[in-house]
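Chemist: Just a sequence and a predicted model for now, questions to come.
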Protein chains: 2
Amino acid sequence: MSNPQADLIIKMYFSAWEAQNKQFADLLDKLPEEALMLETAPGRNTGIYLLGHIVAVTDNMLKLMGFRDKMYPELFELFIKTPDKSGKEFPSAADLKARYHKVTNEVNNHCKTLSTEDWLSRHTAVSEEDFAKEPHRNKLNILVSRTTHLASHTGQMIYLFK
Amino acid sequence: MSNPQADLIIKMYFSAWEAQNKQFADLLDKLPEEALMLETAPGRNTGIYLLGHIVAVTDNMLKLMGFRDKMYPELFELFIKTPDKSGKEFPSAADLKARYHKVTNEVNNHCKTLSTEDWLSRHTAVSEEDFAKEPHRNKLNILVSRTTHLASHTGQMIYLFK
């Protein structure tokens, strides 16, 4: 069931996801690690919390998209369930940066194996019954929503540059 | 040339654009106008500059997507070509908010008339020759890139809330 139009559009979205991740990775490359320890604005989330949050949200995509179990399940509690400045200890910035690259590569490698039918199949947080009524709740939609989520936090982390 | 898969994916993406705009419009509704006059973080863009910037970028979509001429061409110079704090006078926050709603409605009304073929046709900043080689440079891609752009600045404007 070849569908060149759908294939093109999915490729466009995947490119948008990759471009947003490239911007985030460039930011991590250029930002001194001590800057990551600061608040992005007075009283707001720190850079390292947002980095950990992005790692945890990306990791959760592996499960939502049905690829595999989370690579770093302990980060879900620390960076999604728990707000910043709770007093809990974070992994180091170097460690979280390495995990960001590993988990993003893992998501991307799985994504590259998907056919158009796979992309449009349900994600794991929706039941078969609901999916029959709401076919937009598919794997591609996870990628779409996580791209804008990443863009939003990248916009905030840019403020860490002097 | 019916293509239910492509139609579904385009609908998903248009919904992501609408959801991002709803978040931005809610922020404008809830934020006191005096808060818009402040910097989003120390030394960074003010809320009113970012609001004007979003209006100008959305207005420019009308032209890039081949719908019509810009509604507010003077804002392109003021909020895209010129950085914040240049000393130039801005329209009032109330005026820019009204223009944001008008220009977004105009974009959306035109978008709703597009067929899948229309979405995948070239945008006006790419030549026919280049488009033949790079078919992703289409109208849908304008919507995709403007959605992440809006998400990034919305993430910054959230910092205006006390």
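Modeler: Perfect, thanks for sending it. Quick caveat, the model's predicted, so the values are computed rather than measured.
Chemist: Phi and psi next, for residue A:122.
Modeler: Main-chain torsions, residue A:122, degrees, to the nearest 10: phi -70, psi 150.
Chemist: So it is in contact with residue A:128, correct?
Modeler: Yes. Counting by CB atoms under 8 Å, residue A:128 is a contact partner of residue A:122 at 6.8 Å. Placement of C-beta: from N, CA and C, glycine included.
Chemist: Have a look at these two and say which one is more surrounded.
Modeler: When residue A:122 and residue A:128 are compared for neighbours, residue A:122 comes out ahead with 18 against 7, by other CB atoms under 10 Å in any protein chain shown.
Chemist: separation between that one and residue B:150?
Modeler: Using CB to CB, to the nearest Å, residue A:122 is found at 28 Å from residue B:150.
Chemist: Quick check: buried residues in stretch A:10-29?
Modeler: By neighbour count on 16 or more other CB atoms under 10 Å in any protein chain shown, the buried set for stretch A:10-29 is A:10, A:12, A:13, A:14, A:16, A:17, A:20, A:21, A:23, A:24, A:27, A:28.
Chemist: Return only those of these found close to chain B.
Modeler: A:10, A:12, A:13, A:16, A:20 (CB under 8 Å from any CB of the partner chain).
Chemist: between those, which is closest to residue A:66?
Modeler: Using CB to CB, residue A:10 is the member of these that lies nearest residue A:66, at 16.6 Å.
Chemist: Tell me the secondary structure at that closest one.
Modeler: At residue A:10, secondary structure determined by DSSP: H, G, I helix; E, B strand; the rest coil is helix.
Chemist: again with residue A:49
Modeler: Secondary structure, three-state DSSP: residue A:49 is helix.
Chemist: Quick check: closest non-adjacent residue to it.
Modeler: Among residues not flanking residue A:49 along the chain, residue A:84 sits closest, at 3.9 Å (CB to CB, 6 or more residues apart in numbering or on different chains).
Chemist: count of residues packed around that neighbour?
Modeler: The tally of other residues near residue A:84 (other CB under 10 Å) stands at 17.
Chemist: Tell me how far it lies from chain B.
Modeler: 14 Å (CB to the nearest CB, to the nearest Å).
Chemist: what does residue A:154 give?
Modeler: 6 Å.
Chemist: For that residue, give me its contacts.
Modeler: A:20, A:23, A:24, A:27, B:152, B:155 (CB atoms under 8 Å, 6 or more residues apart in numbering or on different chains).
Chemist: from those, which single one is nearest residue B:64?
Modeler: Nearest to residue B:64 among these, with distances taken as CB to CB, is residue B:152, at 18.4 Å.
Chemist: Roughly how far does the closest one sit from chain A?
Modeler: From residue B:152 over to chain A the distance is 3 Å, taken as CB to the nearest CB.
Chemist: helix or strand for that residue, which one?
Modeler: helix B:139-157 (DSSP states H and E).
Chemist: quick one: average pLDDT of that helix?
Modeler: Mean pLDDT, helix B:139-157: 98.
Chemist: and the residue nearest the centre of chain A, helix, strand or coil?
Modeler: Taking CA atoms, centre = their mean as the criterion, residue A:58 is the residue nearest the geometric centre of chain A, at 3.1 Å. Put simply, residue A:58 is helix when judged by three-state DSSP.
Chemist: Quick one: residues contacting it.
Modeler: Residues near residue A:58 by CB under 8 Å, 6+ apart: A:100, A:103, A:104, A:107, A:146.
Chemist: how far out from the middle of the chain is the helix holding residue B:152?
Modeler: 7 Å (CA atoms, centre = their mean, to the nearest Å).
Chemist: before we move on, what about stretch A:89-101?
Modeler: So, by CA atoms, centre = their mean, the centroid of stretch A:89-101 is 15 Å from its chain's centroid.
Chemist: need the residues of chain A near chain B, please.
Modeler: A:3, A:5-6, A:8-13, A:15-16, A:20, A:40-42, A:44, A:116, A:120, A:135-136, A:138, A:140-141, A:144-145, A:147-149, A:151-156, A:159.
Chemist: at 6 Å instead, please
Modeler: Residues of chain A lying close to chain B (CB under 6 Å from any CB of the partner chain) are A:3, A:5-6, A:9, A:12, A:16, A:20, A:41, A:44, A:136, A:141, A:144, A:148, A:151-152, A:155-156, A:159.
Chemist: Now do residue A:70 against residue A:84, distance only.
Modeler: Residue A:70 sits at a distance of 21 Å from residue A:84 (criterion: CB to CB).
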